[in-house]
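Asker: missing the sequence, but the structure's below:
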């Protein structure tokens, strides 16, 4: 009796980016358009068999990723340029940059040691920025006060007050390693940058929403810090719009790649730290 051939599943990491404007987030969900589902469909089309992928995180509806990783297990060998074929099949708003054959079973989500996000906003109406940056008709924001609040973030670990559903998490501790605020010369475009080992649901958008309140004079820095101290979520959450948020960098102990693409504002490439 002939034995069946045994094929070893090989794990691959893929380095990609996507514009999330037309998607209901990364994660596959019933009856909505997701980045994960689109990519899985193209893999299954290429290899003629259903294939599942695991992403490095979950982005909300409308949120972008200028650097993102997923892993996939494939047992088939191929003799063609897989990156070229994927990019040819994928829509214009999803790009594949690199693939890596990995030893063992590293995990794209659980092995990440740092994630960086950037939130972009502009304070004037611009039809070309609309999908890539959040428009807030709020000129003359108090950037000095906003910066004071930003600098508080690495000093605290528990972000329970900046999460839409804190009790659904095993814990709400985040090691925020860096937080900065940048602006253009005339202060009409802003970029909030934050790096941490993990983030809670809508955490960055909630922080940004409160920073905007501080800039408008509707919240003090002391009130912002009290949220960090008491860890009590407010009754009404200030959640910034999704289209200005980018997952911009993901780092692993064994993989730390430079960015291949980055949104920097269509009218200014030089950001000045506030």
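Answerer: That came through, no problem. Owing to the predicted nature of the structure, the values given are computational and were not obtained by experimental measurement.
Asker: contacts, neighbours, all on C-alpha from now
Answerer: Fine.
Asker: any weak-confidence spans in the stretch 151-274 of the chain?
Answerer: Applying pLDDT under 70 to the stretch 151-274 of the chain flags residues 265-269.
Asker: show me where this protein has strands.
Answerer: Counting by DSSP state E, the segments of the chain that form strands are 10-18, 53-55, 64-74, 94-102, 114-122, 134-135, 176-183, 189-196, 245-251, 272-273.
Asker: can I get the ones you listed in TSV including mean neighbour count and distance to residue 161?
Answerer: Supplementary listing: these in TSV, determined by neighbours: other CA atoms under 10 Å; distance: least, CA to CA, whole Å:
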stretch	mean neighbour count	distance to residue 161
strand 10-18	20	29
strand 53-55	18	26
strand 64-74	22	24
strand 94-102	16	33
strand 114-122	23	19
strand 134-135	22	23
strand 176-183	19	15
strand 189-196	22	16
strand 245-251	24	20
strand 272-273	13	26
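Asker: show me where the stretch 1-150 of the chain has helices.
Answerer: Assigned by DSSP state H, counting those that start in this stretch, the helices in the stretch 1-150 of the chain fall at 35-47, 82-89, 143-152.
Asker: picking that back up, who wins for proximity to residue 144 among the strands of the chain?
Answerer: Residue 144 sits nearest to strand 176-183 of all these, at 9.8 Å, using CA to CA.
Asker: which strands or helices does that closest one pack on?
Answerer: Here strand 176-183 is seen to pack against helix 143-152, strand 189-196, strand 272-273 when contacts are counted using 3 or more CA pairs under 8 Å, 6 or more residues apart in numbering; DSSP states H and E.
Asker: out of the ones you listed, which is closest to residue 45?
Answerer: The closest approach between residue 45 and any of the helices and strands packed on strand 176-183, judged by CA to CA, belongs to strand 189-196 at 36.2 Å.
Asker: still on that earlier bit, save the helices and strands packed on strand 176-183 as TSV, and put in distance to residue 109 too.
Answerer: Shown next, in TSV, are the helices and strands packed on strand 176-183 (distance: least, CA to CA, whole Å):
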stretch	distance to residue 109
helix 143-152	26
strand 189-196	14
strand 272-273	30
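Asker: out of the ones you listed, which is closest to residue 125?
Answerer: Comparison of those against residue 125 by CA to CA identifies strand 189-196 as nearest, at 11.1 Å.
Asker: chain neighbours aside, what residue packs nearest to residue 111?
Answerer: For residue 111, the nearest residue in space outside its immediate sequence neighbours is residue 252; the separation is 6.2 Å by CA to CA, 6 or more residues apart in numbering.
Asker: the one you found reaches residue 107, doesn't it?
Answerer: No - in terms of CA atoms under 8 Å, residue 252 does not count as a neighbour of residue 107; the distance is 9.7 Å.
Asker: what sits against the closest residue to residue 118 other than its chain neighbours?
Answerer: The shortest distance from residue 118 to any residue that is not its chain neighbour, by CA to CA, 6+ apart, is 4.5 Å, and that residue is residue 193. Under the criterion of CA atoms under 8 Å, 6 or more residues apart in numbering, the neighbours of residue 193 are 116-119, 178-182.
Asker: can you lay out those as TSV showing distance to residue 149?
Answerer: Below are these laid out as TSV (distance: CA to CA, whole Å):
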residue	distance to residue 149
116	18
117	17
118	16
119	15
178	13
179	10
180	10
181	10
182	13
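Asker: my read: residue 239 touches residue 209, true?
Answerer: Yes - contact criterion CA under 8 Å: residue 239 and residue 209 qualify, at 5.0 Å.
Asker: what number of residues lie near residue 175?
Answerer: Taking other CA atoms under 10 Å as the criterion, the count of residues near residue 175 is 18.
Asker: any idea how far it is from residue 138?
Answerer: Counting by CA to CA, to the nearest Å, the separation of residue 175 from residue 138 is 31 Å.
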